[in-house]
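[1] model this:
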Amino acid sequence: MGNLNLWRNPWREMTTLDRAMDRMLEDWPFAKLPAETAKYGFNPSCEVKEDKSAFYLKVDIPGVPKENIKVDLHDNRLTISAERTEEKKMDEKDAKTHFSEVFYGTYTRTMTFPTAVDAERIEAKYDSGVLTLSVPKKTAANTRQISVK
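    Now for the predicted structure:
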């Protein structure tokens, strides 16, 4: 008799697919998401554009106070962190939630730029739940032709 494994466990198949997706995203050249963030919680949309002088990022983070947003640049890697906390009002202690698609928690996203960027000229603006960043590329190092005498 051959292998009689006619029934496949769908949960095992989903776990295998989930691991394959995680590996694929880890190899993505631009953005890295912690697996826990992607699977379980607060995962805002992000857009990255580029022209010859800069990178432009837009991150949708509605409901996050500006003081809960942190942006760091280290070794050409930009990290955006944010935290969205649930508001608890005193008069809601007897209320019950029937349905919610709103995620709360922390969010961290790191992007490695393929070219050197100018840390001193990065601009960040937060308006109406959208974080907008302008990340200028570094201009070529000061170069000049030196004549030989």
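
[2] Can you name the next helix or strand after the helix or strand bottoming out on mean pLDDT in the chain?
    Of all helical and strand segments in the chain, the minimum by mean pLDDT, DSSP states H and E falls on helix 35-40, at a mean of 47. Note on helix 35-40: by DSSP states H and E, the next helix or strand toward the C-terminus is strand 46-50.

[3] For Ser81, give the beta-bridge partners.
    Counting by DSSP bridges, Ser81 is bridged to Lys70, Thr108.

[4] pretty sure it is touching Ile69, no?
    Yes. Checked against Cβ atoms under 8 Å, the pair Ser81 and Ile69 is within contact range at 7.3 Å. Any C-beta I mention is one placed from the backbone N, CA and C, and that applies to glycine too.

[5] who's more crowded, the two?
    Looking at Ser81 and Ile69 with other Cβ atoms under 10 Å, you find the greater number of neighbours at Ile69, namely 17 against 14.

[6] if I look at the more buried one, how far off is Asp94?
    Between Ile69 and Asp94 the distance is 33 Å, computed by Cβ to Cβ, to the nearest Å.
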